[in-house]
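Visitor: This is a predicted model, with the sequence first.
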Amino acid sequence: MLQILMATYNGEQYLEQQISSILNQTYSAWQLCIADDGSTDATLDIVERYCNLYPQKIKRIDSPSRQGVLRTFETLLQHATADYVMFADQDDVWMEDKIRLTFQEINSLEHTYSSDVPLLVHTNMTTVDSELHVLAADFWQSARLSPKVLDKDPRRLAICNCVTGCTVMLNRAAINVALPFPDNVVYHDAWLGLSTSLCGHVGYVTQPTMLYRQHQHNLVGARPYSFSFFERLIHIPRLIRRDRVLYHAAHPQVFHNWFHFACCKVRHFVLFHIFNS
């Protein structure tokens, strides 16, 4: 059995379309678990309606209100009982083979490393606007992300995360090493990728498996890669704040101190921008 974990908050506009896309999956042995973070719109009404329509497939998980998306996903993960879990955002659309393709890859990894080893699989996405018009058919290409390189090195993954939560599948061993989330974690997907990479293996599916909707209410969006000197100069304060977040989120698990972080970042920069690897 597979459990899909979805955190909701004021998601009435797109929630039904997302749940419908999960119901239309070619792989059917799943249960959708939804935890709400204190919605004030019709989100809970929609959730309750689907729970009543599909009582064996969809259930609501009690969760404290207004704890934020990170802790809501942690609550969901703590309640998960299945051997495998996936994560879903409230506003995307899954392609019908998303679960099957991801499951196929994690089963392949288990055949190689065994199910006792922490394993995570994430997939590519197609970025779309609020009306599902395609912005980037291949998200990894548009963002210049290379899971083939980044997934193999926890230090580079901590600096340049390519694991997007709504594409992730974990096995039970990976769940065990991820919980509880440390206090310094900011993004659940970055922590899931990092904790699994440190203790096990991260795999990926290059084929896009979902439509990643971008709209004005995205907490974290998809941005195309840019290496403009002037743009980076303008955004130096933001980049410094980002580096602080990256360092603290991976200290002491990956980076021993600021000097170690700086060395790893320079190495990543050189390999990525000079040697394209």
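Guide: Perfect, thanks for sending it.
Visitor: contacts and neighbour counts: CA atoms only from here.
Guide: Fine.
Visitor: quick one, helices of the protein?
Guide: Residue ranges of the helices in the chain, as given by DSSP state H, are 15-23, 43-53, 68-79, 98-113, 139-142, 147-150, 154-159, 172-178, 188-199, 229-234, 236-249, 258-273.
Visitor: how big is the angle separating the third one from helix 188-199?
Guide: Right, helix 68-79. On the basis of axes from the mean of the first three to the mean of the last three CA atoms, to 10 degrees, helix 68-79 is oriented at 50 degrees to helix 188-199.
Visitor: about what we covered before: got the helices of the chain as a markdown table, with mean neighbour count and mean pLDDT columns?
Guide: Output for the helices of the chain, formatted as a markdown table (neighbours: other CA atoms under 10 Å; pLDDT from 0 to 100):
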| stretch | mean neighbour count | mean pLDDT |
| --- | --- | --- |
| helix 15-23 | 18 | 98 |
| helix 43-53 | 16 | 98 |
| helix 68-79 | 20 | 97 |
| helix 98-113 | 17 | 98 |
| helix 139-142 | 18 | 94 |
| helix 147-150 | 18 | 92 |
| helix 154-159 | 22 | 93 |
| helix 172-178 | 20 | 98 |
| helix 188-199 | 24 | 96 |
| helix 229-234 | 10 | 52 |
| helix 236-249 | 15 | 83 |
| helix 258-273 | 14 | 86 |
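Visitor: Of all those helices, which one comes closest to Phe87?
Guide: Evaluated over these, closeness to Phe87 peaks at helix 68-79, with 8.3 Å, by CA to CA.
Visitor: Quick check, central residue of this protein?
Guide: For the chain, Gly165 is the residue whose C-alpha lies nearest the centre (CA atoms, centre = their mean; 0.8 Å).
Visitor: Cross-check the contact I'm expecting between Leu120 and Leu198.
Guide: No. Using CA atoms under 8 Å, Leu120 is not in contact with Leu198; the gap is 11.4 Å.
Visitor: Would you tell me which strand is longest in the protein?
Guide: Of all segments of type strand in the chain, defined using DSSP state E, the longest is strand 201-213.
Visitor: in that strand, what counts as buried?
Guide: His201, Val202, Gly203, Tyr204, Val205, Pro208, Thr209, Met210, Leu211, Tyr212, Arg213 (16 or more other CA atoms under 10 Å).
Visitor: Name the strands paired with that strand and say parallel or antiparallel.
Guide: strand 93-94 (antiparallel), strand 119-128 (parallel) (DSSP bridges).
Visitor: can I get these in CSV with mean pLDDT, mean neighbour count and distance to Ile34?
Guide: Shown next, in CSV, are these (pLDDT from 0 to 100; neighbours: other CA atoms under 10 Å; distance: least, CA to CA, whole Å):
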stretch, mean pLDDT, mean neighbour count, distance to Ile34
strand 93-94, 98, 26, 16
strand 119-128, 98, 26, 20
